[in-house]
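Enquirer: Sharing a model prediction with you, sequence too.
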Amino acid sequence: MSVSNAILLLKAIDDDSMLREEIYLCKETDQVITYLKSQGYHFDMDELEDAIHYLHVKCQTLEEAQCLLHKADWLRFLMFVS
C-alpha cells in the first residue's frame, strides 16, 4: 500500500504544480514528510525506492526514464534535507 502511495506521488508531481511548489517550500525533511502525509502520501524511503524501480522498468522511452529519474532525484534530495 505505501509503495502505491509513492507511485501516486511520482505520477502526481507531473500533473499538480501546486503539489510541487508546496513540497519545494518545505525547509526540512520532517516538513516534507509531514506535508506528504497530510496529502495522503504515506511511505518511507525504501518504499519510494521500490516505487522508482517499479516505474523505471515500465518506461517505454529513454526520455520517459530520464524524466522519472529526475523526479526521483529531486524527491530524494528533498527527503534528505535537514
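Expert: Alright, I've got the coordinates. Numbers count the residues shown, from 1 in each chain.
Enquirer: tell me the pLDDT at Val81?
Expert: On pLDDT, Val81 comes in at 57.
Enquirer: where are the low-confidence patches of this structure?
Expert: Confidence mapping of the chain against pLDDT under 70 gives the ranges 1, 81-82.
Enquirer: ok, and what's touching the longest helix belonging to it?
Expert: Secondary structure of the chain per DSSP state H: the longest helix is helix 62-80. Outside helix 62-80, the residues that touch it by Cβ atoms under 8 Å, 6 or more residues apart in numbering are 9-10, 13-14, 23-24, 26, 29, 32-33, 45, 48, 52, 55-56, 59. Any C-beta I mention is one placed from the backbone N, CA and C, and that applies to glycine too.
Enquirer: Going by neighbour count, list what's buried in stretch 52-67.
Expert: Across stretch 52-67, burial judged by 16 or more other Cβ atoms under 10 Å covers Ile52, Leu55.
Enquirer: can you pull the contacts of the most centrally placed residue in the chain?
Expert: What sits nearest the mean C-alpha location of the chain, by Cα atoms, centre = their mean, is Leu10, with 4.5 Å. By Cβ under 8 Å, 6+ apart, the residues touching Leu10 are Ala51, Ile52, Leu55, Leu68, Lys71, Ala72, Leu75.
Enquirer: Of these, which is the nearest to Ser38?
Expert: Proximity of those to Ser38, judged by Cβ to Cβ, is greatest for Leu75, which lies at 16.4 Å.
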